[in-house]
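K.L.:
coordinates only, no sequence provided:
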């Protein structure tokens, strides 16, 4: 009996897996072949003409189309159709108003009737919606009165999918690049935190002109949020760098941050190197300096640039122990060391720390 029960269980499980696979395959088939009318999505800028496509798929024997697309008149102006599919070239459209010459209702009406047997669509653009963008985000929604029918006037069951037009917000920096001071044998980095951008690039100011940084033996990561500086030469001492972030509508520049380079062949007593450990840390960190340096203060910032705490020293030190870090939440922090060399020019060195 036990053997029969096990055999029955195996057969049942096998049948279940077969049925599941069959139903899943049918689901994918019908999903891929569903009759769909979909308004696309797009981003554009105020004052420009935006294009959003109406796409149709897997719909056959279409004899009539009646569509009402709702939009926000405060966000969109001058709305009309373009690039109408040749199969429905006689389609009519109207930006509906409250009476002749009255205020717009925020409804784009589209109608088409076949003069011969219905037409078939596999995957195609039915038409493009053109509109002048005023600003903000605007949904483009099919109303419940939409209908697609076949040539015998029978309603075709179509899946209507709404679309959207949006205007991106201006890029914003929440963490600006900080000044960097390193020596010719060390590595360092600049970093930023920003939102609402699609592209990013670092720039360097040379001969009074901002030029795009290129990846080379010194700079790496010119189009990332962190720009690494590797073994810089002294001819770059005193240059300024900044980060530029952009989207389709606007560009924002970060604050400029100086790059100061110490040549270790001299004896200028500048802050040259700090070894910070443990990193990641839990409750405390230790800092060893390769030479006794005059440390004015040390600042700790969150990844978004929010100030956390400062340690004031105003003294020459070679080792520093910082405790009472247990209260910090897990995450990424930046530690800024501000030193004051003999020539009284303050130097900043930035290090990334991880709290676990």
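P.N.:
Looks like it arrived, so ask away. If you're wondering where the values come from, they're calculated on a predicted model, not measured in any experiment.
K.L.:
what is the burial count for residue 329?
P.N.:
Applying other Cβ atoms under 10 Å, we find 8 residues neighbouring residue 329. From N, CA and C alone the C-beta is placed, and that goes for glycine too.
K.L.:
how about it, nearest residue that isn't a chain neighbour?
P.N.:
residue 355 (7.0 Å; Cβ to Cβ, 6 or more residues apart in numbering).
K.L.:
could you give me the average pLDDT of the helix or strand hosting residue 349?
P.N.:
Under the criterion of DSSP states H and E, residue 349 resides in strand 347-355. In this model, strand 347-355 has a mean pLDDT of 79.
K.L.:
which parts of that strand are buried?
P.N.:
Across strand 347-355, burial judged by 16 or more other Cβ atoms under 10 Å covers 347, 348, 349, 350, 351, 353, 355.
K.L.:
quick one: the closest residue in space to the fifth one that isn't next to it in sequence and residue 87, what's the gap?
P.N.:
Setting aside the residues directly before and after it, residue 351 is nearest to residue 335 in space (Cβ to Cβ, 6+ apart), at 4.7 Å. Counting by Cβ to Cβ, to the nearest Å, the separation of residue 335 from residue 87 is 65 Å.
K.L.:
who's more crowded, the two?
P.N.:
More crowded of residue 335 and residue 87, by other Cβ under 10 Å: residue 335, with 21 against 17.
K.L.:
for the more buried one, what are its contacts?
P.N.:
276, 285, 298, 299, 300, 301, 350, 351, 352, 353 (Cβ atoms under 8 Å, 6 or more residues apart in numbering).
K.L.:
from the residues you listed, which is closest to residue 308?
P.N.:
residue 300 (4.3 Å; Cβ to Cβ).
K.L.:
hang on, that closest one packs against residue 333?
P.N.:
Yes: if you go by Cβ atoms under 8 Å, residue 300 and residue 333 touch, sitting 5.7 Å apart.
K.L.:
need the residues touching each of those two.
P.N.:
Taking Cβ under 8 Å, 6+ apart as the contact rule, residue 300 and residue 333 both touch 308, 353.
K.L.:
next structured bit after the lowest-mean-pLDDT helix or strand in the chain?
P.N.:
Each helix and strand of the chain was given a mean pLDDT (mean pLDDT, DSSP states H and E); the minimum falls on helix 2-32 at a mean of 49. Using DSSP H and E, the helix or strand that directly follows helix 2-32 along the chain is strand 36-39.
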